[in-house]
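Visitor: Got a sequence here, can you build the structure:
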Amino acid sequence: MMKTEALQTIELLSLEVKHGRHELQLAIERDGQRSVTTLEVDESTGQQLLPLGPSEGERARLSLYTSWDPYRQVQYSSIIKSNRERSETHYFICSKLYADLIEQLRLGECPEVAEGDPALHAWPIEQKTSVASPNTYITKITRLMTASLRLVVLTFVLYIAWFELEGSFLANQGDALREFQVPVAATMETAQEQLVSRLNDHFVQAQGEEGSGTVIAANLSVEPEQSEEDAENPAIAEVIELTVGKPYYSLPKGYVALTFDDGPSIYTKDIVEQLIKHEVAATFLFVGRNVSKEAESVAYAAEQGMAVGNHSWDHSNLATLKKDKMADNITGANEKLEPFIEQPVTLFRPPYGSLNDRLSDTVEDMGMKMLMWNRDPEDWRTNAAQDIMQYFEQTDPSGGIYVLHEKKATLEALPDIIEYLKKQDLKFAIFQ
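Guide: Presented below is the predicted three-dimensional model:
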């Protein structure tokens with residue numbers, strides 16, 4: 001049986017450096033009760049968090065989890081900064097000590113202090129975790145480890161740069177390693193900052209709270225070899241009609257959408273067949289340069305009633321380009337896709353979820369609709385179907401647009417994902 005965790009959210013209210021100590025003021029919501037406490041984090045993590053604190057009018061929620069990136073050999077976590085119009089997820093490198101603290105908070109091992117309580121005080125973190133004051137020998141060790149990490153990262157970045165000059169990093173587009181093809185930021189003061197930039201190039205995404213759009217019923221086509229009984233009960237999908245002019249991050253409550261990035265691939269047809277078998281539909285965001293090798297998969301997805309959109313020509317970070325280059329990249333993918341779906345491509349999703357005003361304006365000028373997401377199982381990071389499924393089981397799916405990728409583990413998890421979502425009595429949606 002899955003362990004029930006006590007903690008719902010951790011909101012970062014402020015971050016201050018006092019006498020060399022990095023102190024976080026946190027609002028913690030647990031079992032419907034909100035409490036406030038002040039905790040100290042190590043210097044390395046504190047420096048990473050400093051520029052990510054909330055500005056006026058913003059809220060900042062710390063992720064309840066940290067992750068180990070085996071390819072970059074770093075621990076990282078995230079913070080979601082939001083205002084009334086949009087929210088963005090920023091990733092930062094953190095220490096193992098910070099990861100232990102988050103684990104303790106998530107399991108409810110932090111003393112509660114009622115919000116507004118005059119007894120509010122700083123909880124010495126060394127009493128609960130192994131994080132120590134900067135005056136202790138542990139801090140010295142942490143600083144030594146940080147210096148070592150920077151040297152390792154610098155070596156690693158140079159190694160990556162050599163690979164990028166040689167050509168494509170990976171032949172298997174479905175593998176998470178292909179994400180190293182993210183362009184390096186133009187200027188960085190340190191190798192560690194460069195690595196954080198790469199993490200955010202990959203991960204930064206906007207996550208809205210409310211969706212919109214007109215809901216239109218649509219029937220999926222039925223494979224000829226299906227039985228007469230199956231033919232009488234064709235797969236049902238709801239088509240969400242998007243409009244040009246703003247990114248869409250979520251759906252109304254009661255709806256859910258599966259979207260698949262980075263194809264077409266050797267897994268596209270199998271994914272479509274699993275969707276049809278379970279009588280649901282999904283939206284596929286295809287990369288233009290992949291179409292030549294898997295053109296039949298593009299046509300097959302469209303023929304079976306799946307929505308097809310544009311995920312750029314080459315999966316590069318378009319937000320770093322000039323407007324004319326952005327437009328050329330998107331147009332190139334459209335021109336490659338449209339002969340196989342026999343209709344104009346109107347959906348676009350930016351690679352890595354990397355979005356700025358320049359890209360938003362370009363997409364709007366082209367008359368295309370921006371489809372983002374608000375549920376990310378990070379299936380690109382794992383080769384285990386159960387890891388992907390665990391995310392679904394721990395997240396409220398209602399109103400969710402899930403971003404998934406075309407890879408073996410996701411295909412293996414798909415039947416269980418669909419059955420789980422069906423049990424939640426949700427309507428599956430696709431987009432146009």
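Visitor: Which strands and helices lie in contact with the longest strand along the chain?
Guide: In the chain, assigned by DSSP state E, the strand with the most residues is strand 7-18. Contact partners of strand 7-18 among helices and strands, from 3 or more Cβ pairs under 8 Å, 6 or more residues apart in numbering; DSSP states H and E: strand 21-30, helix 43-49, strand 59-62, helix 96-106. The way it works is simple: take the backbone N, C-alpha and C, and place the C-beta from them, glycine included.
Visitor: Not counting its own residues, what contacts that strand?
Guide: Contacts of strand 7-18 with the rest of the structure, by Cβ atoms under 8 Å, 6 or more residues apart in numbering, involve 22-32, 36, 46, 49-50, 53-54, 59-62, 64, 79, 102, 105-108.
Visitor: and if you look at stretch 379-396?
Guide: Around stretch 379-396, the neighbours that count as contacts under Cβ under 8 Å, 6+ apart are 2, 67, 69, 176, 179, 375, 377-378, 402, 404-405, 407-410, 412-413, 416-417, 420-421.
Visitor: What ranges in the protein fall below the confidence cut-off?
Guide: The chain contains residues with pLDDT under 70 at 1-8, 31-32, 69-72, 84-87, 109-236.
Visitor: what's the nearest residue to residue 64 if we skip its chain neighbours?
Guide: Distances taken as Cβ to Cβ, 6 or more residues apart in numbering place residue 106 nearest to residue 64, at 5.0 Å, with adjacent residues excluded.
Visitor: Check which helix or strand residue 419 maps to.
Guide: When secondary structure is defined using DSSP states H and E, the element that contains residue 419 is helix 408-423.
Visitor: Could you list every helix and strand that the helix or strand just after that helix packs against?
Guide: For helix 408-423, the succeeding helix or strand toward the C-terminus, using DSSP H and E, is strand 427-431. Applying 3+ Cβ pairs under 8 Å, 6+ apart, we find strand 427-431 packed against strand 236-241, strand 255-263, strand 307-310.
Visitor: Same list, these, but as JSON lines with distance to residue 291 please.
Guide: Below are the helices and strands packed on strand 427-431 laid out as JSON lines (distance: least, Cβ to Cβ, whole Å):
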{"stretch": "strand 236-241", "distance to residue 291": "23"}
{"stretch": "strand 255-263", "distance to residue 291": "9"}
{"stretch": "strand 307-310", "distance to residue 291": "11"}
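Visitor: can you list these in TSV and add mean neighbour count and distance to residue 73?
Guide: Output for these, formatted as TSV (neighbours: other Cβ atoms under 10 Å; distance: least, Cβ to Cβ, whole Å):
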stretch	mean neighbour count	distance to residue 73
strand 236-241	19	41
strand 255-263	25	24
strand 307-310	26	34
